[in-house]
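Trainee: Predicted structure and sequence below. I'll ask about it afterward.
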Amino acid sequence: MTDREVFLDYLAAKSGRPRHQLKDHPMTPVNDLPESTLSGHTQDELLEIARKNAPAVHVDFQTTDKAGLPAALDKFIAAKADGKLLLPTYDENYQAFGLEAWRDGLDPKPSFWIPGAGREVNIDTANHSEAAIGFADFLCAESCTITAPTTPGQGRAFHFLPVHYLSIIRKSKIVPRTRQAMDYYEPAMKSGKLKTSNINFITGTSSTGDIEMVLVVGVHGPLDMTYLVVEDM
């Protein structure tokens, strides 16, 4: 038995009642809101919904096309990186977005998240980076949330330790809600197509109003976040 089963059996014994088994009491949804909310919208409409919701989560929401992507990234680097840029080792996305020549021509040279380099090396690099540019799988329009699984080329700390953060997203990958993203991830993980220790759902910049109800943005991660949607992809 797993530790989980042993623990649940212990709780059931202490409470003096049998274990609740899902097979005997299956969960029955009371409505179809997870699937139906914002369904039926075009990609253009979902794009505008996400853009409208971006200010509420303190996101700088931008769009470009594939041809204009390098220039948009250069503008971000000039404003934010201060010579300390972190990029993922994620070759298929560089090729898909036409960014291989752009990446190789950067001056000064960026740092890269290095697969297998070890926790200390990558975390230290991310922690000393002024800016990071990464790739997201999906953008959930309802909450303006991006999704980015932890992978060997783009680890967990990649998204949270640099001072400024930009995520590149395909317009074709804007979905209504987190439910649609999980409809992709669940079978991908079960089939082995996606191997990851976690999936990061990032809804803009971290903020808190705990101290005297004064809102402070950028508390537990980057000071600011940019979502850059590539419209012709």
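Mentor: Structure received. Residues are numbered from 1 along each chain as shown.

Trainee: Pretty sure Asp9 sits against Pro18.
Mentor: No - contact status for Asp9 versus Pro18: not in contact, 10.1 Å apart, counting by C-beta atoms under 8 Å. To be clear about C-beta, it is placed using only N, CA and C from the backbone, and glycine gets the same treatment.

Trainee: Tell me which of the two has more neighbours.
Mentor: Looking at Asp9 and Pro18 with other C-beta atoms under 10 Å, you find the greater number of neighbours at Asp9, namely 12 against 9.

Trainee: Quick check: which element contains that one?
Mentor: Under the assignment given by DSSP states H and E, the secondary-structure element containing Asp9 is helix 3-15.

Trainee: mind checking how far Arg103 is from Lys80?
Mentor: Noted for Arg103: a distance of 17 Å to Lys80, by C-beta to C-beta, to the nearest Å.

Trainee: The two: who's more crowded?
Mentor: Lys80 (22 against 18).

Trainee: Just confirm that one contacts Ala131, I think it does.
Mentor: Yes - with contact defined as C-beta under 8 Å, Lys80 counts as touching Ala131 (4.3 Å).

Trainee: Now list whatever residues contact both of these two.
Mentor: Taking C-beta atoms under 8 Å, 6 or more residues apart in numbering as the criterion, Lys80 and Ala131 both touch Val163, His164, Leu166.

Trainee: Dump those residues into TSV; add secondary structure and neighbour count as well.
Mentor: Below are these laid out as TSV (DSSP: H, G, I helix; E, B strand; the rest coil; neighbours: other C-beta atoms under 10 Å):
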residue	secondary structure	neighbour count
Val163	coil	19
His164	strand	23
Leu166	strand	23
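
Trainee: right, and out of those, which lies closest to Val30?
Mentor: The shortest gap between Val30 and any of the shared contacts of Lys80 and Ala131 belongs to Leu166, at 39.6 Å (C-beta to C-beta).
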